[in-house]
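all I have is the shape, not the residue letters:
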């Protein structure tokens, strides 16, 4: 797989976490852990149903502070445990196209510092430049950044 | 996998071929065979480069009678030898979104008549109703029907 993605359609967040790749990957895939960091507080995650394998479905229901719920449905396209996770909202199940394909997330977990740390890179690639722009205006950098902070806090407790 | 796809976004062609599933699957995946039936004559296939596995790329260059070439690039999403082949133009490689996701092809090969025949179903699912309509107007039924005739002729010689 190439990790070169078109700059005008891609948003990227990178971090180095003080935890091994297996633990960061677990925080991305174990529903109980995912719920603790995946949306910026005071939003929360009401429900996670995820079948972590290529073609597996993935449903994450976000909840705002007023209790309104926002389901996000997609599938995993590619799963290499502790190394890579690729998912998209272009299909709501394998292989049923969604109403509107918006993004593909390519998350890589690379061992650093002899495996004690993880170089974490989240690439979010959009089909259209307008969608990248809209996602940026929706607060991608702040939102994913705040979630990465929450993830770091969680990792420190595991 | 469910084979239920939304009717207003799906085009379907079904046939029963006098050949076992393994042979029909081979005609879909072996470049030398694919070239012999995949576009309605007098169009032809100039080149096929296909890596038949989930995530593998697939390039088919069509050529019109004047020699103009039309590349079609996509990836395979799901491959079960002799049973199912799923591909899309939504990615030009794994996992690089294309400029415009148009369709996903879900081809199933089911054994019939004790394995001597194949019930062949091609489901072409689009993201947008307009794309299904456009594909239908471009001559989906005639085109895929003519190709299925060419495939039947080829199978009879193998």
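Happy to help now that I have it. Because the structure is predicted, anything quoted here is derived from the model rather than measured.

contacts, neighbours, all on C-alpha from now
Will do.

I figured residue A:12 hits residue A:123, correct?
Yes. Here residue A:12 lies in contact with residue A:123, judged by C-alpha atoms under 8 Å, at a distance of 4.6 Å.

when these two are compared, which one has more neighbours?
Higher neighbour count among residue A:12 and residue A:123: residue A:123, with 21 against 16, using other C-alpha atoms under 10 Å in any protein chain shown.

give me the secondary structure label for the more buried one.
With DSSP: H, G, I helix; E, B strand; the rest coil as the basis, residue A:123 sits in strand.

that one touches residue A:9, doesn't it?
No. Counting by C-alpha under 8 Å, residue A:123 stays clear of residue A:9, with 10.1 Å between them.

list the helices and strands the longest helix seen in chain A packs on?
Longest helix in chain A by number of residues (criterion: DSSP state H): helix A:140-157. Here helix A:140-157 touches strand A:10-17, helix A:21-29, going by 3 or more C-alpha pairs under 8 Å, 6 or more residues apart in numbering or on different chains; DSSP states H and E.

so the residue located most distally from the centre of chain A: helix, strand or coil?
In terms of distance from the mean C-alpha position of chain A, residue A:114 ranks first, at 24.7 Å (C-alpha atoms, centre = their mean). Counting by three-state DSSP, the backbone at residue A:114 sits in helix.

distance of it relative to residue A:21?
Distance of residue A:114 to residue A:21, computed by C-alpha to C-alpha, to the nearest Å: 11 Å.

parallel or antiparallel, list what pairs with the longest strand along chain A.
With secondary structure taken from DSSP state E, chain A has its longest strand at strand A:69-80. Here strand A:69-80 is paired, per DSSP bridges, with strand A:57-63 (antiparallel), strand A:84-88 (antiparallel).

which of the residues in the last one are buried?
Spelled out, that is strand A:84-88. A:84, A:85, A:86, A:87, A:88 (16 or more other C-alpha atoms under 10 Å in any protein chain shown).

the first one too?
Neighbour-count burial for strand A:57-63, with 16+ other C-alpha under 10 Å as criterion, is recorded at A:57, A:58, A:59, A:60, A:61, A:62, A:63.

pipe the buried residues of strand A:84-88 into CSV and attach distance to residue B:154 and pLDDT per row.
Listed next are the buried residues of strand A:84-88 as CSV, based on distance: C-alpha to C-alpha, whole Å; pLDDT from 0 to 100:
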residue, distance to residue B:154, pLDDT
A:84, 42, 98
A:85, 41, 98
A:86, 39, 98
A:87, 39, 98
A:88, 38, 98
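
now, which of those residues sits nearest chain B?
Comparing those against chain B with C-alpha to the nearest C-alpha places residue A:86 closest, at 8.0 Å.

so what's that closest one up against?
Contacts were defined as C-alpha atoms under 8 Å, 6 or more residues apart in numbering or on different chains; by that measure residue A:86 touches A:76, A:77, A:78, A:79, A:104, A:105, A:106, A:107, B:95.

now these in TSV, with neighbour count and distance to residue A:40?
Output for these, formatted as TSV (neighbours: other C-alpha atoms under 10 Å in any protein chain shown; distance: C-alpha to C-alpha, whole Å):
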residue	neighbour count	distance to residue A:40
A:76	24	22
A:77	26	25
A:78	22	26
A:79	17	25
A:104	24	20
A:105	21	18
A:106	21	20
A:107	22	18
B:95	25	27
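
farthest pair in the residues you listed?
A:79 and A:104 (13.3 Å; C-alpha to C-alpha).

got phi/psi on the nearest residue to residue A:25 once chain neighbours are set aside?
Distances taken as C-alpha to C-alpha, 6 or more residues apart in numbering or on different chains place residue A:82 nearest to residue A:25, at 5.1 Å, with adjacent residues excluded. Residue A:82 adopts backbone torsions of phi 70, psi 0, taken as degrees, to the nearest 10.
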